[in-house]
Every structure is written in structure tokens, then in C-alpha cells.
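**Q** Attaching a predicted model along with its sequence, questions to come.
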Amino acid sequence: MEIQPKLIVFSAPSGAGKTTLVRHLLKQKELNLAFSISAASREPRTGEIDGKDYYFLGLKEFKSRIRKEEFLEFEEVYRDQFYGTLKSEVERIWALGKHVIFDIDVVGGLRLKKKFPERTLAIFVKPPSINELQIRLKKRKTETPEKIAMRVAKASTEMATAPQFDIIIKNDDLNLAKERAVQVVKDFINQPVPRDEEE
Ligand SMILES: Nc1ncnc2c1ncn2[C@@H]1O[C@H](COP(=O)(O)OP(=O)(O)OP(=O)(O)O)[C@@H](O)[C@H]1O
Ligand SMILES: Nc1nc2c(ncn2[C@@H]2O[C@H](COP(=O)(O)O)[C@@H](O)[C@H]2O)c(=O)[nH]1
């Protein structure tokens, strides 16, 4: 049976738990999801693999790809740190007959929703508080204190975008959040795409 490929977007402030929920969903094979590997201008963290976690392009190459209009969306999420979805990445996943799942910032998430309104489910992951974000990021040990401060400083503006998303998942109790994520994604991919957005 042919599938109607969809876009599942997870957006939130840094530390809310997007990656954790997306990884959980990718383990549910019956959902037929593939992760959209974003391009990033930053350096890889210890353990991150080029072509698996991100396409690590560096700033010069990233800007050159912007000029060549290779992105479906991109954003300077933090100062001099660009992230974006390459058009080729979404095409690659759709050619595999899979739905695309994204872990991207709130601006990028809403941009994709605007581009493909009917075939996108835009999910906002809501942390219990901004203070909790700081605690989680500290525990994650991937960012310097300065970078954590920069990420947390942006969080309240990002939280204000929550009502523009289709669904808000509160990520306080992680198991409950995982269950709800599986349920809403399952419901969405089982819905038909309205005719005007069919290819
Ligand atoms: N419900 C939760 N309770 C406690 N810790 C959590 C919960 N959900 C996720 N975490 C932890 O919080 C940290 C941040 O989670 P994660 O990396 O998934 O966030 P993120 O939104 O993807 O952040 P970023 O945008 O920086 O990539 C991780 O160490 C994760 O294990
Ligand atoms: N607009 C986009 N935002 C993206 C994309 N890929 C990741 N991101 C967001 O960047 C921050 C920081 O990520 P980190 O890996 O450095 O912690 C986070 O909010 C991501 O969701 C993208 O393609 N477009």
C-alpha cells in the first residue's frame, strides 16, 4: 500500500526533551518514521557523527548552501550557529516511503507547518519550567555554562509560541510524555491527507 508521506515536527526550547522523544518514536517501527538529519554550522560534540546526528557543514559551507537555495528552512538559532533542513533530505526520506520526523527550533517548526499545512503535525514540547531546562542542560553536560545561559535566555520567547502549534506535549513525567507522543503521531499518520496537498 502506498503511504502519503507526512511531516512530524518536534519543537521546543533547548533542554525540553525533543531529542529524547524523537528517539523514542524512531524505535516504534510500525510508525514508519525516518529522522530528518539537519545541517548545522557548529562543530560536532563528542560522540556525534557526521551524517547521522547532523550534516556538519561549518559556517562557510552553510552560508554557501543558503545562497544556492538548498534549504527548505534554516535559522540562526543562536549567534553564528545556523541549523537547517536541506530539501534533499526530505526528498531522500520520502523516496524511502517513510514519514519524516524533525527535531528543530520553534521558528523552523512553524515555517514547515506553513509550507505543508495539511501534511504536517507540529508538536511543541513543554518543559515544567524554565528553571528545569537549566537543570536538564547542566546534567546533560554538552554545553558550557555560557552556552546554557544563551539557550535559557531564549526560552521564554520560545515558550510564547506554544499556542501556534497543533499539539502541546508536557514533558514532566517522561514516560507519560512518551506515551502521548506515540499516540498523537499514530493518530496523525493514520489520517488521510486532504486532496489539495496530495502530490
Ligand atoms: N521528562 C524528563 N525529566 C528529566 N529529564 C529529562 C526529561 N526529558 C528529557 N530529559 C533529559 O533532559 C536533557 C535534555 O533533553 P533533550 O536532549 O532531549 O532536549 P532537547 O529539547 O532535544 O534539547 P536541544 O534542543 O538542546 O537539543 C537530556 O539529558 C534528557 O535525558
Ligand atoms: N530551524 C532549525 N532548527 C534546528 C534544526 N536542527 C536543529 N535545530 C535546533 O537547533 C537547536 C540546537 O541544537 P543542538 O543540537 O545544538 O542542541 C535545537 O533547538 C534544535 O532543535 C533545523 O534543521 N532547523
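**A** Thanks, I have the structure now. Numbers count the residues shown, from 1 in each chain. Ligands and ions are numbered 1, 2, ... in the order given.
**Q** which residues sit in contact with the residue in the chain that ligand 2 sits nearest to?
**A** Residue nearest to ligand 2 within the chain: residue 108 (2.4 Å; C-beta to the nearest ligand atom). (Glycine included, C-beta is placed from N, CA and C.) Contacts for residue 108 were tallied using C-beta atoms under 8 Å, 6 or more residues apart in numbering; they are 11, 73-75, 83-85, 102.
**Q** At which residues are the strands of this protein located?
**A** 7-11, 33-35, 38-40, 54-56, 71-78, 81-86, 99-103, 120-126, 167-170 (DSSP state E).
**Q** how about those in TSV, adding mean neighbour count, distance to ligand 2 and mean pLDDT?
**A** Formatted as TSV, the strands of the chain follow (neighbours: other C-beta atoms under 10 Å; distance: least, C-beta to the nearest ligand atom, whole Å; pLDDT from 0 to 100):
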stretch	mean neighbour count	distance to ligand 2	mean pLDDT
strand 7-11	25	7	98
strand 33-35	19	11	98
strand 38-40	22	3	98
strand 54-56	18	7	98
strand 71-78	19	4	96
strand 81-86	22	3	97
strand 99-103	24	5	98
strand 120-126	23	10	98
strand 167-170	17	15	98
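**Q** for these, which one sits closest to residue 189?
**A** Each of the strands of the chain has some distance to residue 189 by C-beta to C-beta; the shortest is strand 99-103, at 5.7 Å.
**Q** any idea how far residue 80 is from residue 109?
**A** Distance of residue 80 to residue 109, computed by C-beta to C-beta, to the nearest Å: 21 Å.
**Q** So those two - more neighbours on which side?
**A** The residue with more neighbours, out of residue 80 and residue 109, is residue 109; 27 against 8, by other C-beta atoms under 10 Å.
**Q** OK, contacts around the closest residue to that one other than its chain neighbours?
**A** Closest residue in space to residue 109, ignoring its immediate chain neighbours: residue 11 at 3.4 Å, by C-beta to C-beta, 6 or more residues apart in numbering. Residues near residue 11 by C-beta under 8 Å, 6+ apart: 18, 104-106, 108-110, 122-125, 161, 165.
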